[in-house]
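Student: When you get a sec, could you give me coordinates for this:
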Amino acid sequence: IYSICVSIINNILLLKTFSIIEPSIILLILDNLNLQSIKAVFGEFYVLYIVFVFLIILFCFKVLYDNLNKENININTKIKVLLTIICILGGYFCFPGFPPQNNKSAYDLRMWIWQPATLSTYNLFNYRKDLDIQLHQYQLSDIDIDDLDKMGLIYEKNQNVESVDFDKIVLIIVESLDRNYINCYNENIPCKYTEFFNYAVDNYISMDNFYTASTSTDNGINALLNSRLDYYTDRIINQNDKYKVNSLLDVVNNHGYDTYFIRGSSKKYADHDLYYPKLFGMNKFITSEDFYEKYGLKNTQWGIEDKFLFDEAIKILCKARSKKQFIVINTIDTHPPYRNYDNQLSSNKFLDSLAHTDYNLKKFYEKIKLLNLFDDKTLIIITADHSATHGANYTNRLDFEPDRIPLIFLTKNIKFNEEFKINVDKKRYCSQIDLAPTIIDILGFIKPDSMMGKSIFTQSSLSITKYRDSLYLRNNKTMKVVNLDNDIDDILYKWYYHYY
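Tutor: The predicted structure is shown next:
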């Protein structure tokens, strides 16, 4: 019934307003439509918003009722009145929300529900066929390659680095974890809320200038696993074998690893069940539906609590101790409007979610040590999907543009730690697209040609970020911005469109 209703509404909207409702977002809103969520979005005066919207809806229904009872009103007018009500309701949900807790700029929710029809028609009709998309795939000349090599954008394996044989790799991608949300990087965050993060940075290998490669969770995960900068293009071109995108998980799959992707939100969100498995190549995609079917756990707020994701990872590790495994854990608790916990660690919802994330990581770390799973064959990597883009602004920055996120490598492997200390300056600039080539370098495998990043073990010190329609290249001396629409003669433009 839901699918039929959404299809009818979408067809009307497509014809009349050139907009389409994204079904998974509506389901997410309905699943989390409670006073706590509404209060988190609209602030202390949420009751006034509810009353205001109620009065608007009441007025619209009165107008509709009056018009429908007039015999001289034609059907077109009635349709217009109905569309007006739909648009008003849509406008209500598109209201810019998530007011930050220290009165800085808010995060705009618009476009989360209403999308241009040209972007959503594919999702609406659920086409599964390959799309005939044309890429630039700019052919680099010898001069171009030489220029890119001088900039440090040409990947070359560091011959001085010996491979390390890790049997267990756990990549933890924390939602919206800005580097400045950790006390050791930002004293405005009380130390007690990030005790484990501080411990990990102080006692293990970490990078100080690891940048978001592209904003939005999908883009961030795509950068981390595929070493590429545009998820929304890659998910389409990957439907066509002519433009195969090879992921980090594809590489380790080919070397005998069992691969898992664990997340607390629904696999139906933004059609991830269609795109994620093929684009990222995991053997098993574990989502909120699986937690409900297996354990009876239900979504609260954005999905299943993070602590259950870590518990599931431990069960997977214990179940097949002799097998090689690569597990990706994608957390959700630090996403606004933030979770309501039974045991509050702070009266501030943002700090409370941060503290619980820190605690969950600490318990995961302690459990795998207790179970003798944390040995010299195990590597745990902690990073984020992107820097702060919304919610509480404790970043010490004036805006929410892409910035640095944590990158921490936890292992007892002496060889790995020594290789890193000898070959890598922790202040070296790098970004998310460099993580997959780095892991491949560590394991001694071959980096796929579709990957855009370089290994952190190379001598290059630069980060690449794609934000809106521009590329941002940073190093310790300068930042360069290249517009991907206009700067057609720039070498970074040619580099980007060599891949796209």
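Student: State the pLDDT value of Y365.
Tutor: Looking at Y365, its pLDDT stands at 98.
Student: Go ahead and confirm it touches N203.
Tutor: No. At 10.9 Å, Y365 and N203 do not qualify as touching, with contact defined as CB atoms under 8 Å. Where C-beta positions appear, they are placed from N, C-alpha and C, glycine not excepted.
Student: Quick check: mean pLDDT of stretch 284-301?
Tutor: Across stretch 284-301, pLDDT averages out at 88.
Student: on that earlier part again, higher neighbour count, Y365 and N203?
Tutor: Y365 (18 against 10; other CB atoms under 10 Å).
Student: From A320, how far off is the more buried one?
Tutor: Computed as CB to CB, to the nearest Å, the Y365 to A320 distance reads 20 Å.
Student: just Y500 next, same as before
Tutor: As for Y500, its distance to A320 is 38 Å (criterion: CB to CB).
Student: These two - which one has more neighbours?
Tutor: Neighbours per residue, other CB under 10 Å: of Y500 and A320, the larger number sits with Y500, 17 against 11.
Student: so the more buried one touches Y232, yeah?
Tutor: No. Here Y500 lies out of contact with Y232, judged by CB under 8 Å, at a distance of 11.2 Å.
Student: Which of the three states applies to F261?
Tutor: Put simply, F261 is strand when judged by DSSP: H, G, I helix; E, B strand; the rest coil.
Student: i'd like the first residue to be 26 from this point on
Tutor: From this message on, residue numbering opens at 26, which makes the last subject F286.
Student: pretty sure it contacts H297?
Tutor: No. Counting by CB under 8 Å, F286 does not reach H297; the two are 9.7 Å apart.
Student: out of these two, which sits in the busier spot?
Tutor: Neighbour totals were compared for F286 and H297, and F286 leads with 26 against 22 (other CB under 10 Å).
Student: how near is the more buried one to I464?
Tutor: Between F286 and I464 the computed distance is 15 Å (CB to CB).
Student: got it, and T237?
Tutor: Per CB to CB, T237 is found 18 Å from I464.
Student: more neighbours, these two?
Tutor: Neighbour count, other CB under 10 Å: between T237 and I464, T237 has more, with 30 against 26.
Student: who touches T382 in this structure?
Tutor: 199, 202, 331, 356, 358-359 (CB atoms under 8 Å, 6 or more residues apart in numbering).
Student: Pull out the buried residues from those.
Tutor: 199, 202, 331, 356, 358-359 (16 or more other CB atoms under 10 Å).
Student: In those, find the pair that's most separated.
Tutor: Spanning the widest gap among the buried ones among the contacts of T382 are L202 and D331, at 11.8 Å by CB to CB.
Student: so what pLDDT did P121 get?
Tutor: P121 is given a pLDDT of 34.
Student: go on, S188?
Tutor: 89.
Student: quick one: F86 from L80, how far?
Tutor: F86 sits 11 Å away from L80, going by CB to CB.
Student: for N228, same thing?
Tutor: To L80, N228 is 57 Å away according to CB to CB.
Student: cool, H523 as well?
Tutor: Per CB to CB, H523 is found 56 Å from L80.
Student: Please look at K348 and D283 and confirm they touch.
Tutor: Yes. Counting by CB under 8 Å, K348 does reach D283; the two are 5.7 Å apart.
Student: Compare neighbour counts for those two and give me the winner.
Tutor: D283 (16 against 13).
Student: Identify the residues contacting the more buried one.
Tutor: Residues near D283 by CB under 8 Å, 6+ apart: 308-309, 345, 348-351.
Student: Minimum pLDDT in those, which residue is that?
Tutor: Among the contacts of D283, A345 carries the weakest pLDDT, at 91.
Student: Could you pull up phi and psi at that one?
Tutor: The phi and psi torsions at A345 (degrees, to the nearest 10) take the values phi -140, psi 70.
Student: How about D283?
Tutor: phi -90, psi 130.
Student: I'd like the distance from it to I194, if you could.
Tutor: From D283 across to I194, the span is 11 Å (CB to CB).
Student: No more questions from me, cheers.
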